[in-house]
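J.: coordinates only, sequence not included:
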């Protein structure tokens with residue numbers, strides 16, 4: 001089997017893949033939540049693991065940073081490995097002071113300043129949105145835990161260090177938070193006829209300037225991971 005970026009054998013990935021950006025977070029998910037996890041990919045250190053969660057096979061693999069990176073890994077998982085669902089479990093910067101560190105945000109849609117969707121050859125502007133079945137399943141899993149995370153638009157930006165602006169310009173339009181991957185993931189899933197969802201944890205706030213240290217971003221954001229895993233269980237066979 002194999003691709004230029006993935007050495008896994010055919011059938012090595014489960015129907016649902018949890019996709020953090022950080023390879024160390026993928027390793028943490030596998031070691032903390034999965035039973036009998038096995039490393040199935042380590043090309044470029046982008047670790048992919050497969051195990052079981054509550055008896056259901058689940059995989060986790062890193063995406064790296066940015067739309068071009070997640071576009072590569074998601075494309076290969078969807079097209080070459082038969083993956084049906086990718087759930088991004090990532091970090092995000094809040095665009096509202098109402099959102100606190102470690103709060104969850106579920107991305108119903110993803111605005112973007114990227115030109116990524118141009119390569120699909122569409123005669124207009126594509127609006128990247130989550131798969132509704134994944135979305136409603138994740139919201140139900142969150143509510144079961146007594147949580148009511150905000151669901152709405154986020155911004156997927158190509159820029160981390162802005163020369164002009166800051167990303168806050170999107171807040172008056174109701175955009176909740178900013179990441180660098182979701183719009184690319186949603187567009188890739190749509191092009192493949194597959195399903196995708198982003199569940200993010202707030203690790204910094206662009207309004208209040210609060211932020212989590214790097215080591216806590218790797219291993220302390222377990223709520224989004226557990227909701228994503230429960231969603232994977234509920235989606236099994238669907």
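T.: Great, that's in hand. As the structure is a prediction and not an experimental result, all values here were calculated from the model.
J.: distance of the most centrally placed residue in the chain relative to residue 210?
T.: Nearest to the mean C-alpha position of the chain, by CA atoms, centre = their mean, lies residue 88 at 1.4 Å. Distance, residue 88 to residue 210, using CB to CB, to the nearest Å: 23 Å. (Glycine included, C-beta is placed from N, CA and C.)
J.: and if you look at residue 9?
T.: The spacing between residue 9 and residue 210, counted by CB to CB, is 44 Å.
J.: where's residue 76 relative to residue 63, distance?
T.: From residue 76 to residue 63 the distance is 11 Å (CB to CB).
J.: check contacts around the residue nearest to the centre of the chain.
T.: Contacts for residue 88 (CB atoms under 8 Å, 6 or more residues apart in numbering) come out as 19-20, 63, 70, 181-182, 185, 196-200.
J.: which of those lies closest to residue 94?
T.: Taking CB to CB as the measure, residue 94 sits nearest to residue 200 out of these, at 9.6 Å.
J.: pull the contacting residues for the nearest residue to that closest one once chain neighbours are set aside.
T.: Nearest non-adjacent residue to residue 200, counting by CB to CB, 6 or more residues apart in numbering: residue 92, 3.7 Å away. Residues counted as contacts of residue 92 (CB under 8 Å, 6+ apart) are 105, 154, 177-179, 200-203.
J.: am I right that residue 92 is in a strand?
T.: Yes - checked against DSSP: H, G, I helix; E, B strand; the rest coil, residue 92 lies within a strand.
J.: check it and give its pLDDT.
T.: The model reports residue 92 with a pLDDT of 96.
J.: after the helix or strand of the chain with the lowest mean pLDDT, which helix or strand is next?
T.: Within the chain, confidence by mean pLDDT, DSSP states H and E is lowest for helix 214-219 among all helices and strands, at a mean of 66. Going down the chain from helix 214-219, the next helix or strand is helix 222-235, by DSSP states H and E.
J.: tell me the SS of residue 38?
T.: strand.
J.: surely it touches residue 48?
T.: No - if you go by CB atoms under 8 Å, residue 38 and residue 48 don't touch, sitting 9.7 Å apart.
J.: more neighbours: which of the two?
T.: More crowded of residue 38 and residue 48, by other CB atoms under 10 Å: residue 48, with 27 against 12.
J.: and that one, how far from residue 26?
T.: 7 Å.
J.: find residues that contact each of these two.
T.: Contacts common to residue 48 and residue 26, judged by CB under 8 Å, 6+ apart, are 60-62.
J.: among the contacts of residue 92, which lie within strands?
T.: Taking DSSP state E as the definition of strands, the contacts of residue 92 contribute 105, 154, 177-179, 200-203.
J.: what bridges to the closest residue to residue 205 other than its chain neighbours?
T.: Excluding the flanking residues, the one nearest residue 205 by CB to CB, 6+ apart is residue 94, at 4.3 Å. Using DSSP bridges, the beta-bridge partners of residue 94 come out as residue 177, residue 205.
J.: so who does residue 94 touch?
T.: With CB under 8 Å, 6+ apart, residue 94 has these contacts: 100, 103, 105, 176-177, 202, 204-207.
J.: circling back: neighbour-wise, which of residue 76 and residue 63 wins?
T.: Higher neighbour count among residue 76 and residue 63: residue 63, with 28 against 21, using other CB under 10 Å.
J.: hmm, the more buried one is touching residue 70, no?
T.: Yes - between residue 63 and residue 70 there is a contact under CB under 8 Å: 4.0 Å.
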